[in-house]
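S.K.: Only the shape, not the letters, is given here:
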């Protein structure tokens, strides 16, 4: 996996001078250490899952793995349902209104 330091710095801030970056990968035994000087950041994945990161190193690993600061998942099904429901409601309202005036 290629490291995108520009993307990491945009999301997590500047790399601390004393912090070495390496990719942890999917090691289930690795534990990230909290950094009391790092403000907690909330990251999102493509499925909308949320994680709070508490160190620059943790943030960098998640951002390098595809997590982002913003959750921008447009749900087309929900949009289609809303439009269809609105049009159906409008149709019935117009039908009731025109039947009362006849």
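M.R.: Ah, there it is. Because the structure is predicted, anything quoted here is derived from the model rather than measured.

S.K.: Doesn't residue 51 lie inside a strand?
M.R.: Yes - per DSSP: H, G, I helix; E, B strand; the rest coil, residue 51 lies within a strand segment.

S.K.: Quick check: bridge partners of it?
M.R.: Beta bridges link residue 51 to residue 43, judged by DSSP bridges.

S.K.: Tally up the residues packed near it, please.
M.R.: Using other C-beta atoms under 10 Å, the number of residues around residue 51 comes to 13. Heads up, the C-betas are built off the backbone N, CA and C, glycines and all.

S.K.: With residue 38 instead?
M.R.: The local packing of residue 38 (other C-beta under 10 Å) involves 17 other residues.

S.K.: same deal with the one 4 residues further on?
M.R.: Residues within reach of residue 42, counting by other C-beta under 10 Å, total 12.

S.K.: can you tell me how far it sits from residue 57?
M.R.: For residue 42, the distance to residue 57 equals 17 Å [C-beta to C-beta, to the nearest Å].

S.K.: Next, residue 15: secondary structure please.
M.R.: Reduced to three states with three-state DSSP, the structure at residue 15 is coil.

S.K.: Could you shift the numbering so residue one becomes 23, and keep it that way?
M.R.: Done: numbering now begins at 23, and the last item shifts to residue 37.

S.K.: Could you give the number of residues near it?
M.R.: Neighbours around residue 37, by other C-beta under 10 Å: 15.

S.K.: List the residues that contact it.
M.R.: 27, 30, 31, 43, 78, 82 (C-beta atoms under 8 Å, 6 or more residues apart in numbering).

S.K.: Could you rerun that using 10 Å?
M.R.: 27, 30, 31, 43, 78, 79, 82 (C-beta atoms under 10 Å, 6 or more residues apart in numbering).

S.K.: Can you give me the domain boundaries for this structure?
M.R.: As given by automatic domain parsing, the domain ranges for the chain are 23-93, 96-124.

S.K.: tell me the mean pLDDT over whichever helix in the chain runs longest?
M.R.: Longest helix in the chain by number of residues (criterion: DSSP state H): helix 98-122. Helix 98-122 carries an average pLDDT of 89.
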